[in-house]
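*Asks:* sequence first, then the predicted structure:
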4 protein chains.
Amino acid sequence: MAEELSFPTGLGTSTPETISLLGKDLAADLMGKVGFGELAFWLVAGRRPTAGEVRLFEAVLVALADHGFTPTAIAARLTYLSAPDSLQGALAAGLLGGGSRFLGVTEDCGRFLADTLVDAGTERDYDVIALEAVRKAREAKKFVPGLGHPVHKEQDPRTPVLIAIAEQEGLRGPHLRLFEAIGRVHPQVLGKKLPLNGAGVCGAALADLGLPTDLLRGFALLARAAGLLGQLAEERRRPIANDIYRTVDRNAVYEPRED
Amino acid sequence: MAEELSFPTGLGTSTPETISLLGKDLAADLMGKVGFGELAFWLVAGRRPTAGEVRLFEAVLVALADHGFTPTAIAARLTYLSAPDSLQGALAAGLLGGGSRFLGVTEDCGRFLADTLVDAGTERDYDVIALEAVRKAREAKKFVPGLGHPVHKEQDPRTPVLIAIAEQEGLRGPHLRLFEAIGRVHPQVLGKKLPLNGAGVCGAALADLGLPTDLLRGFALLARAAGLLGQLAEERRRPIANDIYRTVDRNAVYEPRED
Amino acid sequence: MAEELSFPTGLGTSTPETISLLGKDLAADLMGKVGFGELAFWLVAGRRPTAGEVRLFEAVLVALADHGFTPTAIAARLTYLSAPDSLQGALAAGLLGGGSRFLGVTEDCGRFLADTLVDAGTERDYDVIALEAVRKAREAKKFVPGLGHPVHKEQDPRTPVLIAIAEQEGLRGPHLRLFEAIGRVHPQVLGKKLPLNGAGVCGAALADLGLPTDLLRGFALLARAAGLLGQLAEERRRPIANDIYRTVDRNAVYEPRED
Amino acid sequence: MAEELSFPTGLGTSTPETISLLGKDLAADLMGKVGFGELAFWLVAGRRPTAGEVRLFEAVLVALADHGFTPTAIAARLTYLSAPDSLQGALAAGLLGGGSRFLGVTEDCGRFLADTLVDAGTERDYDVIALEAVRKAREAKKFVPGLGHPVHKEQDPRTPVLIAIAEQEGLRGPHLRLFEAIGRVHPQVLGKKLPLNGAGVCGAALADLGLPTDLLRGFALLARAAGLLGQLAEERRRPIANDIYRTVDRNAVYEPRED
């Protein structure tokens, strides 16, 4: 069966002489002239960010790149131990932990803030909007994404810094302002003061940058890809995965299933 | 069994008040002050790159980020079609194609150049070293990594641009010079002129940046992570994966296995 | 810090002389005496299945193993093309498509039936329960999982066969009966007759086998692992992934993003 | 551009009324009549195995399914902890450790035996062939795959059982016989007696079953998929991944990179 096929793309294409990316000549217009973070933003958003947007965006990526021995870092190291011939497999294994619980907060928070702003209609007082949103979350017995941290119980040091950078660059928009308002008003509803965490403030900042909320997790994954490469480079130089494995195996205790 | 455990790391650690990364205060010293590409380099190499090194390094990442509808981009899109709830799975599926054939050239080329330089001992004439290396590869019936391209049969436009950037930044070192020499001398051995491809020149540049050759593939994967996010963002906006799937399925022909 | 660690497991443990699995001696009690499907059931359910349960369970796995050129099969083949040195990566890439849209129906259907039976309380007439469930789904503008198929518009041939096997083995329980009732009553609500699909009937059968609904997707993944190995073995013998890739690439059309 | 496309397959195809797999009617000929292990063999080998072949094949899968807290099992559990919404991601992460070091022995051993038999030409005395092969490996400073085990230092209990099953089924062929010969003669060359390990004997048995040596790793992965589902089911019921993570994190020690 003869058929006409057409697969449209606005990303990369090439001819024998040129490579185009985003409608630009890759070699002549992009290499050496556009930063890597800038390109990542452009690829997803479909528009070139300003210098201020790049600074805020890269600050988010830097904030999310590594968090020490997270479950994803350990999973990547263990996979590298088992299959050292496949660096891509170890990296992929680490990224696969980028789901709802650990890396998902950035996306969940951005989406929560965006949805809340839509629901708020014409209301312009962020404290009013925040109070209502926290109340509704509490009634639905849901957590407010971005609130609280297992280690940084008083304050997450990334939060004020990222807000300050957004302010400096003229990018402290409605999502960040609403997030800050949640930080102010939630004790009225929850009866205790929780810190605004770093993953959450990153989601707020990405949303203020106009990036699609459905893809915010993607930026956390990109940041983490760099962090995981750091973990794998360290594992190669100063391995610990075998020790982790042996620690677990050595302390395995057989307990038959009770049911 | 009580035991003493110790898992050393020079990457990230945290206390309730601070987050450290690479021995720096993440919030005070890194966010907003260090670029994302700069941090990725630092995480793997264990040292902060200079501004010139960052420029060359990011030019490599930009060169490798996207190549249009590669097998890995298509695999990522098909996975996103099947499991749209798991962006991390689609990204991981795309990265898993980062093996020997497509994304591996960068690492293979960097390693080939590094090994050749070691074998060359005190010889300092790059054309002599290159001639010997191409001859040995030919005798062993092996391809010289970085030589030839299925589309860019005359010249890969990325190659001269990356060499020029390295030259501008004072980073045109032995790996790039040897790679250029291979470009000059190989026709004497192979009887035809092949282009120096972009993946190869990126491997040479990364090696000249002092990055470990065993991990060069990792930078290709990091670059590709950004490209794949672009592909997935486009798939979300203007999907083609279902068309690809249906095209294949519609043209499936049952042919029993012949043996 | 010295600490006591204990990691309990009811699965595998070993000493220098023996390997235990599920409290049995692997070599003496399991190898050659227990089938692979039987072991998979046992590992997840924590109890050894009867011969009839094994037959129904393996019929489900056989039904779900391969569906020709699905998006997951194509993704696995493309990944194998890119990284032929890493069979595990190609298999993993294929499995990563086992999410909500394609492979998820089995789990969704099993869970829908289980939840519906709980909601039904003391009602024992499956047609009454089914009618109420389809009505509620329609009101909530949700699809009833397991209803309808893009190709098998009249009847999915797997459905009556699996029900017959369950009947033969005395395992046609409440989930399958409710599923059949949905097949009878849904036209009253939806105004058209849709087939009960194979993925759905497999979910119903797995639920009747007492397997945890949260893990039903896992059995679809296990079945698909065998199918993907078949796809990769065929790709090795009679490759098509490069043709698929070139078909897409050849028909790529640059269209700048419109917004 | 109109074009003729054709993607041949000998696996699955479907029409509105029927689903075919391997040239058979899936519903009428396979479901309830063919076991899951049998189908997996058939899909890869392209021929239906005999009952004896199925028994040996399934004994291999049972032998390889689970080994307790391996690095891959721990990686899968940690990934499930991080992203509990994506069972496929946790399974894939576990399988990605199926590379050269842990799961690769089965394939390496099968290939080593097959290659050795080819090199042996017309020599028919397995002890002579084995002696020469062990000598060559030692001269090349390579390990003989399948020899030695970190835990089962005297004997791996799986080895004699699998050989006995093969003997019972008339399937103790040249690969198993050569493997046994290696077990007899290697102390002459290596100066110490090592056990024939279970992963190795499985590779030998799969090779005697006529399965392609390039895909032997695939069967280890299929077996492990079942084991990993067992691990994930247990993690859901009696979680330990968070304890593992906290144990590592709690004992993290910052040590700056020394170079």
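*Replies:* Happy to help now that I have it.
*Asks:* any weak-confidence spans in chain A?
*Replies:* Within chain A, the stretches with pLDDT under 70 are A:1-2, A:258-259.
*Asks:* ok, which stretches of it are strands?
*Replies:* A:2-4, A:7-9, A:12-14, A:19-21, A:24-25, A:252-254 (DSSP state E).
*Asks:* out of those strands, indicate the one that is most buried.
*Replies:* Neighbour counts (mean count of other Cβ atoms under 10 Å in any protein chain shown) averaged over each of the strands of chain A peak at strand A:19-21, with a mean of 24. Using the backbone N, CA and C atoms, a C-beta is placed for each residue, glycine as well.
*Asks:* sheet partners, orientation included, of that one?
*Replies:* Strands that pair with strand A:19-21, judged by DSSP bridges, come out as strand A:12-14 (antiparallel), strand A:24-25 (antiparallel).
*Asks:* any chance of the strands of chain A in JSON lines, with distance to residue A:244 too?
*Replies:* Conversion of the strands of chain A to JSON lines gives the following (distance: least, Cβ to Cβ, whole Å):
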{"stretch": "strand A:2-4", "distance to residue A:244": "53"}
{"stretch": "strand A:7-9", "distance to residue A:244": "43"}
{"stretch": "strand A:12-14", "distance to residue A:244": "40"}
{"stretch": "strand A:19-21", "distance to residue A:244": "41"}
{"stretch": "strand A:24-25", "distance to residue A:244": "45"}
{"stretch": "strand A:252-254", "distance to residue A:244": "13"}
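*Asks:* out of those, the one nearest residue C:23 is which?
*Replies:* With distances scored as Cβ to Cβ, the stretch of the strands of chain A nearest to residue C:23 is strand A:252-254 (7.7 Å).
*Asks:* touching chain C at all, the closest one?
*Replies:* Yes - using Cβ under 8 Å from any Cβ of the partner chain, strand A:252-254 reaches chain C at A:252-254.
*Asks:* how about stretch A:60-78?
*Replies:* No - Stretch A:60-78 stays clear of chain C (Cβ under 8 Å from any Cβ), getting no nearer than 13.1 Å.
*Asks:* got the residues of the stretch 51-200 of chain A near chain B?
*Replies:* Counting by Cβ under 8 Å from any Cβ, the residues of the stretch 51-200 of chain A near chain B are A:55-56, A:58-59, A:61-63, A:65-69, A:86-89, A:91-93, A:95-99, A:103, A:151-155, A:157-158, A:160-162, A:164-165, A:198.
*Asks:* for PyMOL, what selects the buried ones among those?
*Replies:* Command for PyMOL, covering only those of those found buried under the criterion 16 or more other Cβ atoms under 10 Å in any protein chain shown:
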select buried, chain A and resi 55+56+58+59+61+62+63+65+66+67+68+69+86+87+88+89+91+92+93+95+96+97+98+99+103+152+155+157+158+161+162+165+198
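*Asks:* which of the residues of the stretch 51-200 of chain A next to chain B fall in helices?
*Replies:* A:55-56, A:58-59, A:61-63, A:87-89, A:91-93, A:95, A:158, A:160-162, A:164-165, A:198 (DSSP state H).
*Asks:* what comes up buried for stretch A:115-128?
*Replies:* A:116-117, A:120, A:126.
*Asks:* for the stretch 51-200 of chain A, what lies in contact range of chain D?
*Replies:* Looking at chain D, the residues of the stretch 51-200 of chain A close enough under Cβ under 8 Å from any Cβ are A:68-72, A:74-75, A:78-79, A:81-86, A:89-90, A:92-93, A:96-104.
*Asks:* export the strands paired with strand A:19-21 to JSON lines and append columns for distance to residue D:175.
*Replies:* Shown next, in JSON lines, are the strands paired with strand A:19-21 (distance: least, Cβ to Cβ, whole Å):
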{"stretch": "strand A:12-14", "distance to residue D:175": "47"}
{"stretch": "strand A:24-25", "distance to residue D:175": "56"}
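*Asks:* which one of the strands of chain A lies nearest to residue B:227?
*Replies:* Here strand A:12-14 is closest among the strands of chain A (Cβ to Cβ), at 7.7 Å.
*Asks:* okay, now the residue of the stretch 151-259 of chain A found nearest chain B: neighbour count?
*Replies:* Minimum separation of the stretch 151-259 of chain A from chain B (Cβ to the nearest Cβ) falls at residue A:230, amounting to 3.0 Å. By other Cβ atoms under 10 Å in any protein chain shown, 28 other residues sit near residue A:230.
*Asks:* now do the contacts for it.
*Replies:* By Cβ atoms under 8 Å, 6 or more residues apart in numbering or on different chains, the contact set of residue A:230 is A:65-66, B:11, B:40, B:43-44.
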